[in-house]
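Peer 1: starting from these lines, generate the structure:
(one chain, ligands or ions: 1)
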Amino acid sequence: MIPCFILIHCQKGAFMIASLYEEMLSKKSVIRTLSEFSAERGKEIGYDNVFDYSLGNPSVPTPQAFTDILIRLLQTETPTKLHGYSPTLGIPSVKQAVAASLHRRFGIPYQATDIFLTTGAAGAVAHALRCITVPGDEVITFAPYFPEYTAYVNLSGAVLKVVPADTAHFQIDFTELEKVISPKTMAVLINTPNNPSGAVYTTDTLQKLADFLAAKEAEYGHEIYLISDEPYREIVFDGKASPNPSTFYNRSIMCYSFSKSLSIPGERIGYIAFHPAIEKSATLTAMCGQISRGIGHNCPATIMQLAIAEALDLTSDFSVYEKNANLLYQELKDLGFAVQKPDGTFYIFPKALEADANLFSQKALKYDLVVVPSDSFGLPGYFRMAYCIPTEKVERSLEALRKFVKTEYQ
Ligand SMILES: Cc1ncc(COP(=O)(O)O)c(C=O)c1O
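Peer 2: Reported below is the predicted structural model:
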C-alpha cells in the first residue's frame, strides 16, 4: 500500500487520502459489528440472554475513591480552572505527578518533560508512531495483535510488518522476528499483557527482545524504538505483576491508558512516557504537541488530568475478571479446546474447533454466544472471548457453550 503521507503530495492528494478512509468503511471492525449484533439480538430476547463476549468494555465499576476525587474537584475548584483549555502538552503538575509515580514504581528517573498526556492508549500509540517514523519506515508487531494497530500504523504513513505467532506460549518467536526485521525497521510495537491472547511477556522474553534490538541497532546504525502499549498493565492474575518493557530497553516509549485500570474508557485519558535515556526525549515530548495540532487531537479534558494525578495508585477491583478467566479456562479445557490460561487482561484466546474461525463464530451465534473470530488479530483459526461481563452471565453461558460444542462438533 502507498503510504498516505506520500499521497498527500499528489495532485489529487486530498481525494486519494479521502478514498483511503472510504476504503476502510468496507473493512469495519468485526468486533464492533458483533457488538452491534449483540445489541440487536438483545432487543429480541433480552440482552441478559445474549452471551456477548465481543467488546473489551470494562464491566467492573470505577473505584469509589476516583468518583470521590471527581466530586471534590467539582465542588472545590473553579469552573474556569476545571473546564478550561489545558496546556498543549498537558498540565505541568500532572505530568510531574505521573513522572514521579513511574520513577517510584519502575526505578526509571522520568521527568515531567518526558511525559505527554493523551486520549488513552490509542492517542498515545498514534502520537508515538508519528514522532519516530517517516513514511515508508517499517513498524513490527507480533501476532496475535490488537486489530487497530493496522489503522494506527498505516495512517501514520509507516508500514506494519507482522511476526507470526508463537502459538505454544504467545511469547516472541525470535526466529520469525529475525526474518521480518530489516534496516527499514524504526519501531517494534508490543502489547503486554496482551489483547487478545491474555499472555504476559516474561522477563526472559523482554530481556531477549532488548538484547536483540540493541544488536540490530548496532548492525543497522540507527535507532530502533520499542513502543510498549500497556493498557492492561495492572490486570494480572495470581497476584503477579507484569514485567515492564521500559525497564529492559532504554529506547522505550511507554503508552499507558486509564481506560481499563480505572474502568473509564469513555473519559479518554492516558499518557506517553519517553524513557529519559532517550537523548531527545524532551524534544519528542514537545513534538507530540505539534502532532496534536496536525491531527486535531488536543489534550484530554482538564478535569480528567487533574483527577488522574491523584489516582495514580488506584485501580478497579479486578477479581471478577480473574474469576471469569478461571471459569472459562476450565470449561474450555474440559470441552477439549486448545487454550492457554490467561496471565491477565480480560481476554481468553482458544483455538477454534474448525480451521475457519469465522464459520465457528457464525455457528456459535445460533446459541447466542458471541465470540470474535481471530483473523483480524493476524492469527486465523482462533477466537477471542472478552470476559468483562458479570460472573453470573459467564456461568449461564457455560451451558450454551457445552450445547454448542456437543451439537456442532461431536
Ligand atoms: C491493546 C490495546 N491497545 C490500545 C487500546 C486503546 O485503548 P484506549 O485508547 O481506550 O486506552 C486498546 C483498547 O481496547 C487495546 O486493547
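Peer 1: just the pLDDT for the residue of the stretch 101-250 of the chain found nearest the ligand.
Peer 2: The minimum distance from the stretch 101-250 of the chain to the ligand, using CB to the nearest ligand atom, falls at residue 120 (2.6 Å). Backbone N, C-alpha and C define where each C-beta goes, glycine included. With respect to pLDDT, residue 120 has a value of 97.
Peer 1: could you find the closest non-adjacent residue to residue 107?
Peer 2: Setting aside the residues directly before and after it, residue 107 is nearest to residue 247 in space (CB to CB, 6 or more residues apart in numbering), at 7.0 Å.
Peer 1: could you pull up phi and psi at that neighbour?
Peer 2: Dihedral pair for residue 247: phi -80, psi -10, per degrees, to the nearest 10.
Peer 1: repeat for residue 124
Peer 2: Torsion angles at residue 124 (phi, psi; degrees, to the nearest 10) stand at phi -70, psi -50.
Peer 1: I figured it was touching residue 273, is that so?
Peer 2: No: counting by CB atoms under 8 Å, residue 124 sits too far from residue 273 to count as a contact (9.1 Å).
Peer 1: contacts only, for residue 362.
Peer 2: Contacts for residue 362 (CB atoms under 8 Å, 6 or more residues apart in numbering) come out as none.
Peer 1: where does it land in three-state SS?
Peer 2: helix (DSSP: H, G, I helix; E, B strand; the rest coil).
Peer 1: do the same with the one 5 residues further on
Peer 2: Local secondary structure at residue 367 is given as coil here, using three-state DSSP.
Peer 1: for it, give its distance to the ligand.
Peer 2: Residue 367 sits at a distance of 26 Å from the ligand (criterion: CB to the nearest ligand atom, to the nearest Å).
Peer 1: same question, residue 365
Peer 2: Using CB to the nearest ligand atom, residue 365 is found at 22 Å from the ligand.
Peer 1: what sits closest to that residue if chain neighbours are left out?
Peer 2: Leaving out its chain neighbours, residue 365 is closest to residue 37 (CB to CB, 6+ apart), at 7.3 Å.
Peer 1: neighbours of that neighbour, how many?
Peer 2: 15 (other CB atoms under 10 Å).
Peer 1: packing partners of whichever strand or helix holds it?
Peer 2: Secondary structure assignment for residue 37, by DSSP states H and E: helix 30-45. For helix 30-45, the helices and strands in contact under the criterion 3 or more CB pairs under 8 Å, 6 or more residues apart in numbering; DSSP states H and E are strand 51-52, strand 369-370, strand 372-373.
Peer 1: just the C-alphas of that helix, formatted as CSV.
Peer 2: Extracted in CSV, the C-alpha atoms of helix 30-45 (Å, rounded to 0.1, in the frame of the first residue of the first chain):
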residue,chain,number,x,y,z
VAL,A,30,-15.5,-7.3,13.2
ILE,A,31,-15.6,-6.6,17.0
ARG,A,32,-17.9,-3.6,16.6
THR,A,33,-20.1,-5.5,14.1
LEU,A,34,-20.5,-8.4,16.6
SER,A,35,-21.2,-6.0,19.4
GLU,A,36,-23.9,-4.3,17.3
PHE,A,37,-25.3,-7.7,16.5
SER,A,38,-25.5,-8.5,20.3
ALA,A,39,-27.4,-5.2,21.0
GLU,A,40,-29.9,-6.0,18.2
ARG,A,41,-30.3,-9.6,19.4
GLY,A,42,-30.8,-8.3,22.9
LYS,A,43,-33.8,-6.3,21.7
GLU,A,44,-35.4,-9.6,20.6
ILE,A,45,-34.6,-12.0,23.5
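Peer 1: briefly note if it comes near the ligand.
Peer 2: No: using CB under 6 Å from any ligand atom, helix 30-45 stays clear of the ligand, coming no nearer than 9.0 Å.
Peer 1: ok, now stretch 230-247?
Peer 2: Yes: counting by CB under 6 Å from any ligand atom, the ligand has neighbours in stretch 230-247: residue 231.
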